[in-house]
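Visitor: pasting the structure only:
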């Protein structure tokens, strides 16, 4: 699915967040939304997930269906096509990891418990989580919470995967693992992946398409092109473009 | 002070209050719809009855016993003046069954389970757990909120009954063991003075209504909390305050309507 935001306007109180923001997320690609903190990255993701409506504008799926005008029932139906990894996992504290991941299938499918078990095993294996079925979310490390959140987002085989700050709060080796995981998911399922991040190195490594939000508007393109042609983007990605700190120290 | 500005503020307060009442009514209606429609989440309901009921047992039983002891002491001191100390069982029992049992249980449960319920739901708002459910097309009202409210409604009459039983025991302990009253008179006057339809049923209905009040107020405060840590504490605090005041106000009206 290709998603396109057109002329979005959105304010929180008197503070404008989007002032005519337009951008697109190409089908089957990994798109990264970058912005400074408070720039509206998560807001945009929540609008695509129909958890939030803009004041005006449109969000088109495959150029036709406008997510902004969906009814509540239609929004629920749309979310069956969308998986979302929340910044802090958003796993239900009261349920074990297994029950968290199995929940969408128990609620919406007619699968037997044995079939659900197989599906949960499949996604646990895909995200590299094993032997933790009966743990509660509070017993997991930050990296495991991200993986568990991803497992839950993938259980219904979404066509669009939204990831809110999947690299935040993780150590560098775990960041690499999550990057590889998202790339593997994208390659295996062909899902359109939209990631918000202010992690320049990760963005340069995995993004096919970059949407940079600044002052309520967006510029977009391949990361390499944008960094070359837009000074603000080049500033933002300075860290990713400069030689590693260790190498600088050695020289 | 400018009188026009004062009237304006009063008007704004009145409009705000009516709006808040309207929002609460809409929430209650949606919650009733979610709770009444299938699936019946029995496991979740049992867990919530445990949280609201079983975990409140100690505080309710101990408080009931203490209140009964005070009633026994005060009742005895008063009745002795009229030479009617053998009626202590009736005084203690009727006070607890009609009034103190349901009201004090509601105040205690609002402070313990109600505030915990509001804080838990508010924390789920802060940590995006409710949004996580929405992303799975699972209605948070149906999955999280309705079982909590229903658990509270079921637990309150049971807890109130226990409060009354322990209160009667407390009154008996003081009136009979400490002050040397007659055990048989204590129980027989209690039995003779108590009418099931007027007293016991009235008390149970009060407790059920207070269960609805505390359950709905706690879940509403949690569900509509601001997504901040301050929002969590505000939800818990306002639940205790609003539920306590509502309990006392509704107590008068139920008492009046029940024909006392």
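Guide: Structure's in. What do you need? The structure presented is a predicted model; accordingly, all values stated were derived computationally and were not measured.

Visitor: just the strands from chain A, written as ranges.
Guide: Using DSSP state E, the strands of chain A run over residues A:3-12, A:15-25, A:30-34, A:56-61, A:65-66, A:82-85, A:160-164, A:192-196, A:209-214, A:217-221.

Visitor: to residue B:129, which of these lies closest?
Guide: strand A:82-85 (12.6 Å; C-beta to C-beta). For glycine as for every other residue, the C-beta is placed from the backbone atoms N, C-alpha and C.

Visitor: and the closest one, is it in reach of chain B?
Guide: Yes: contact of strand A:82-85 with chain B (C-beta under 8 Å from any C-beta of the partner chain) involves A:82, A:83, A:84.

Visitor: low-confidence regions, the chain specifically.
Guide: No chain was given, so I picked chain A. With pLDDT under 70 as the threshold, chain A has low-confidence stretches at A:239-251.

Visitor: looking at chain B here, not the other one
Guide: B:1, B:259-260.

Visitor: what's the single longest helix in chain A?
Guide: helix A:172-189 (DSSP state H).

Visitor: chain B contacts on chain A?
Guide: With the criterion set to C-beta under 8 Å from any C-beta, chain A comes near chain B through A:46, A:49, A:51, A:76-77, A:79-80, A:82-84, A:86-88, A:90-94, A:103-104, A:107-108, A:152-153, A:156.

Visitor: swap the cut-off to 6 Å and go again
Guide: Neighbours of chain B within chain A, by C-beta under 6 Å from any C-beta of the partner chain: A:51, A:76, A:79, A:84, A:86, A:88, A:90, A:92, A:104, A:107.

Visitor: which residues touch the third one?
Guide: By C-beta atoms under 6 Å, 6 or more residues apart in numbering or on different chains, the residues touching residue A:79 are B:135, B:137.

Visitor: which of the residues of chain A next to chain B sits closest to residue B:172?
Guide: residue A:92 (46.2 Å).

Visitor: give me phi/psi at that closest one?
Guide: phi -70, psi 120 (degrees, to the nearest 10).

Visitor: how close does it get to residue B:152?
Guide: The span separating residue A:92 from residue B:152 equals 20 Å under the rule C-beta to C-beta, to the nearest Å.

Visitor: between those two, who's got more neighbours?
Guide: residue B:152 (30 against 23; other C-beta atoms under 10 Å in any protein chain shown).

Visitor: do you know how far the closest residue to the more buried one other than its chain neighbours is from residue B:46?
Guide: Of all residues not flanking residue B:152 in the chain, residue B:215 sits nearest, at 3.3 Å (C-beta to C-beta, 6 or more residues apart in numbering or on different chains). Separation of residue B:215 from residue B:46 (C-beta to C-beta): 16 Å.

Visitor: can you map out the helices along the stretch 1-150 of chain A?
Guide: Residue ranges of the helices in the stretch 1-150 of chain A, as given by DSSP state H, counting those that start in this stretch, are A:41-48, A:72-79, A:97-108, A:113-127, A:142-154.

Visitor: on that earlier part again, which parts of the longest helix of chain A are buried?
Guide: A:174, A:175, A:177, A:178, A:179, A:181, A:182, A:185, A:186, A:189 (16 or more other C-beta atoms under 10 Å in any protein chain shown).

Visitor: same question for stretch A:211-228.
Guide: Of the residues in stretch A:211-228, A:211, A:212, A:213, A:214, A:216, A:218, A:220, A:221, A:223, A:226, A:227 count as buried by neighbour count, 16+ other C-beta under 10 Å.

Visitor: any idea which residue of the stretch 101-250 of chain B lies closest to chain A?
Guide: residue B:132 (3.4 Å; C-beta to the nearest C-beta).

Visitor: OK, contacts around residue B:138?
Guide: When contacts are taken as C-beta under 6 Å, 6+ apart, residue B:138 is in contact with residue A:107.

Visitor: typed the wrong thing, it's residue A:34
Guide: A:203, A:212.

Visitor: for it, give the beta-bridge partners.
Guide: residue A:212 (DSSP bridges).

Visitor: any idea how far residue A:132 is from it?
Guide: The value you get for residue A:34 to residue A:132, if C-beta to C-beta is used, is 32 Å.

Visitor: before we move on, what about residue B:47?
Guide: Separation of residue B:47 from residue A:132 (C-beta to C-beta): 22 Å.

Visitor: pick out the residue of the stretch 101-250 of chain A closest to chain B.
Guide: For the stretch 101-250 of chain A, C-beta to the nearest C-beta, closest residue to chain B: residue A:104, 4.3 Å.

Visitor: chain neighbours aside, what residue packs nearest to that residue?
Guide: Counting by C-beta to C-beta, 6+ apart, residue B:136 is the residue found nearest to residue A:104 once chain neighbours are left out, at 4.3 Å.

Visitor: what's the spacing between that neighbour and residue A:49?
Guide: With C-beta to C-beta as the criterion, residue B:136 and residue A:49 are 11 Å apart.

Visitor: circling back to that earlier point, surely the residue nearest to residue A:104 is in contact with residue A:105?
Guide: No: look at residue B:136 against residue A:105 with C-beta atoms under 6 Å: they stay out of range, at 9.6 Å.

Visitor: Provide a list of residues in contact with whatever residue of the stretch 51-200 of chain A ends up closest to chain B.
Guide: The minimum distance from the stretch 51-200 of chain A to chain B, using C-beta to the nearest C-beta, falls at residue A:90 (3.4 Å). Counting by C-beta under 6 Å, 6+ apart, residue A:90 makes contact with B:128, B:129, B:132.

Visitor: phi, psi of it?
Guide: The phi/psi pair for residue A:90 (degrees, to the nearest 10) is phi 50, psi 30.

Visitor: I'd like to know how far it sits from residue B:124.
Guide: 9 Å.

Visitor: repeat for residue A:142
Guide: Taking C-beta to C-beta, one finds residue A:142 at 19 Å from residue B:124.

Visitor: neighbour-wise, which of the two wins?
Guide: Neighbours per residue (other C-beta under 10 Å) separate residue A:142 from residue B:124, with residue B:124 holding more: 25 against 14.

Visitor: what's the strand or helix carrying the more buried one packed up against?
Guide: Element membership for residue B:124 (DSSP states H and E) is helix B:115-126. Counting contacts by 3 or more C-beta pairs under 6 Å, 6 or more residues apart in numbering or on different chains; DSSP states H and E, helix B:115-126 is packed against helix B:201-223, helix B:229-257.

Visitor: following element in sequence after it, please.
Guide: Beyond helix B:115-126 toward the C-terminal end (DSSP H and E), the next one is helix B:129-135.

Visitor: so which bits of the stretch 101-250 of chain B are right by chain A?
Guide: B:127, B:128, B:129, B:131, B:132, B:135, B:136, B:137, B:138.

Visitor: among those, which pair sits farthest apart?
Guide: Distance extremes for these: the farthest pair is B:127 and B:137 at 19.4 Å, using C-beta to C-beta.

Visitor: can you give the contact residues for stretch B:154-165?
Guide: Here stretch B:154-165 has contacts from B:49, B:52-53, B:56, B:60-61, B:64, B:96-97, B:101-102, B:105, B:204, B:207-208, B:210-211, using C-beta under 6 Å, 6+ apart.
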